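Engineer: what's the 3D shape of this:
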Amino acid sequence: MTLSTWLGLLAICCLGAMSPGPSLAMVVRHTLSGGRLHGVVCAWAHSIGIGVYALVTLLGLAAILKASPLIFNAIAIIGAIYLAWMGIQALGSKGGMQQKLAAGEATSLWVAARDGLAISLFNPKILLFFLALFSQFVLAAQTTTGQGLIVFTPLIIDGLWYTVIAFVLSHSAVLPKLREKAKLIDRLSGIVLILLSIRVIYTLL
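Structural biologist: Residues are numbered from 1 along each chain as shown. As a prediction, the model looks like this:
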């Protein structure tokens, strides 16, 4: 995998992690209700689920590519359409992060880990995202090193981002600023996702 390819993967993983959604809400809830450690535990449990999805998706797409390039291309096109749809949804978002940042009652570290893992493993949108995203990177992952980068990059980025969220939210004065940036994050994510979908289609032509 070339450096430019990995940087593209890194950028998309960063935007994917930063996009407001149920995963953010879960980490925030445990951080605000249980404290910084609860948020960090929830964050890295969530990232493990992301890593599992990344590995399963990568191996599945690699197997499909080897067996039938035509089917692989069809999946890539469908994935590109899905990425474009997500981008349009993000551009039209009203940034309703306020409703997602609700704190609950304090729980144990085990519950924080369980919730973090569950919110990633049982979210079908994450699988669809990886199917759409990895279709353009699987060709660059013919070596063990390349495959490792494709799996561990989203895992580590996800864990680090939500760890930052847990640390930042430990200071209550930062929460309003996070809410204020919701629209900007959505808009930026939308533009990048649409451009990525165009790139996927272009590489298949």
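
Engineer: switch to C-alpha atoms for all contacts and neighbour counts from now on
Structural biologist: Fine.

Engineer: elements contacting the lengthiest helix in the chain?
Structural biologist: Secondary structure of the chain per DSSP state H: the longest helix is helix 36-67. Contact here means 3 or more CA pairs under 8 Å, 6 or more residues apart in numbering; DSSP states H and E; on that basis helix 36-67 packs against helix 22-34, helix 69-91, helix 109-121, helix 124-134, helix 144-168.

Engineer: Quick check: next helix or strand after the lowest-mean-pLDDT helix or strand in the chain?
Structural biologist: Of all helical and strand segments in the chain, the minimum by mean pLDDT, DSSP states H and E falls on helix 175-180, at a mean of 61. Next along the chain after helix 175-180, taking DSSP states H and E as the criterion, comes helix 182-204.

Engineer: packing partners for that next one?
Structural biologist: Going by 3+ CA pairs under 8 Å, 6+ apart, helix 182-204 lies up against helix 3-18, helix 69-91.

Engineer: ok so, going back, quick one: the longest helix of the chain to helix 22-34, angle?
Structural biologist: Going by axes from the mean of the first three to the mean of the last three CA atoms, to 10 degrees, helix 36-67 is angled at 160 degrees with respect to helix 22-34.

Engineer: Next, the contact list for Phe130, please.
Structural biologist: 53-54, 57 (CA atoms under 8 Å, 6 or more residues apart in numbering).

Engineer: rerun that using 7 Å as the cut-off
Structural biologist: Phe130 is in contact with 54, 57, counting by CA atoms under 7 Å, 6 or more residues apart in numbering.

Engineer: Need the pLDDT of it.
Structural biologist: Confidence at Phe130, expressed as pLDDT, is 78.

Engineer: Equivalent analysis for Phe137, please.
Structural biologist: pLDDT at Phe137 comes out at 76.

Engineer: For stretch 24-43, measure first residue to last.
Structural biologist: 9 Å (CA to CA, to the nearest Å).

Engineer: Now that stretch: buried residues?
Structural biologist: Using 16 or more other CA atoms under 10 Å as the test for burial, stretch 24-43 gives 24-43.

Engineer: picking that back up, hey, least reliable of the helices and strands packed on helix 182-204 by pLDDT?
Structural biologist: helix 69-91 - the lowest mean pLDDT of the helices and strands packed on helix 182-204, at a mean of 77.

Engineer: tell me the angle it makes with helix 124-134.
Structural biologist: Going by the same axes, to 10 degrees, helix 69-91 makes 120 degrees with helix 124-134.

Engineer: which one of the helices and strands packed on helix 182-204 is the most hemmed in?
Structural biologist: Greatest average neighbour count among the helices and strands packed on helix 182-204 goes to helix 69-91 (a mean of 19), per mean count of other CA atoms under 10 Å.

Engineer: quick one on the thing from earlier: among the helices and strands packed on helix 36-67, which is nearest Trp6?
Structural biologist: helix 144-168 (7.8 Å; CA to CA).
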